[in-house]
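[1] Just the structure for this:
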Amino acid sequence: ELYASKRESMLKHLKLIENETKRCGEIVKGLLDFSRKEQEDFETKHLHKILQETYELMTHPIKIANINFLTNFRAKTDLIFCSPNQIKQACVAILVNASEAVLENGEIIISTSNPDADSVKIDISDNGIGVPEDDIPHRFEPFFSTKQDTSGIGLGLAIVHGIVKSHNGKIEVKSALARGTTISITLP
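    Presented below is the predicted three-dimensional model:
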């Protein structure tokens, strides 16, 4: 009753919001489906070779930002069945986020290990600003972004999550405010 005079206008705007939200959802679904469609491009590759290529690709922009960029490949076995381009894409997205979170004279490290005989784990760690604990469960949701400016639209980590899932892997985030973040990807 209170809004009877504005009811029609409100319903029209709510319908518009609903339709646009569905459209955005379809865009994200399409992007995630696109990343999963490359399964025919899967091959057996050494993860360390893919990570070394990713390191070389990202070294220049990270060094320009005055960030110390290191690798520590400790995994004894690193053979995975994957789409090398997707693994590289996922790591680049994580590294871009890390470089934006690190202040000058910061550090980013890509390391590997074997948590068990059947898997290999990638840790991408930074000593940046960290992620608030309440935000961690939302990091992989489409359009979730903590960036104050417009540099991010919140799709990077959602796509990373889709890539990891399409490789039958798992991804997790550990972070502490003002101490940094580690994103871990475990692959079979």
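[2] Now residue 186: which helix or strand?
    In this assignment (DSSP states H and E), residue 186 forms part of strand 180-187.
[3] Partner strands of that strand, with direction?
    Its sheet considered, strand 180-187 pairs with strand 119-126 (antiparallel), strand 170-176 (antiparallel) by DSSP bridges.
[4] Please could you give me each C-alpha atom of that strand, formatted as CSV?
    C-alpha atoms of strand 180-187 as CSV (Å, rounded to 0.1, in the frame of the first residue of the first chain):
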residue,chain,number,x,y,z
GLY,A,180,50.2,-12.2,2.7
THR,A,181,48.3,-14.8,0.8
THR,A,182,49.0,-18.3,-0.5
ILE,A,183,46.8,-19.9,-3.2
SER,A,184,47.4,-23.6,-3.5
ILE,A,185,46.4,-25.8,-6.4
THR,A,186,46.6,-29.5,-6.0
LEU,A,187,46.5,-31.6,-9.2
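[5] from here on, count from 59
    Sounds good: first residue 59 from here, last item strand 238-245.
[6] contacting residues around it?
    105, 138, 140, 148, 152, 156, 159, 173, 177-186, 188-189, 222, 225-233 (CB atoms under 8 Å, 6 or more residues apart in numbering). Placement of C-beta: from N, CA and C, glycine included.
[7] Can you tell me which of the residues you listed are buried?
    Among the contacts of strand 238-245, those scoring as buried are 105, 138, 140, 148, 152, 156, 159, 177-186, 188-189, 222, 225, 227, 229, 231, 233 (criterion: 16 or more other CB atoms under 10 Å).
[8] Give me the distance between residue 244 and residue 117.
    With distances taken as CB to CB, to the nearest Å, residue 244 is found 25 Å from residue 117.
[9] From the contact counts, what lies against the longest strand along the chain?
    Secondary structure of the chain per DSSP state E: the longest strand is strand 165-174. Packing contacts for strand 165-174, counted by 3 or more CB pairs under 8 Å, 6 or more residues apart in numbering; DSSP states H and E, involve helix 105-122, strand 126-131, helix 142-159, strand 177-184.
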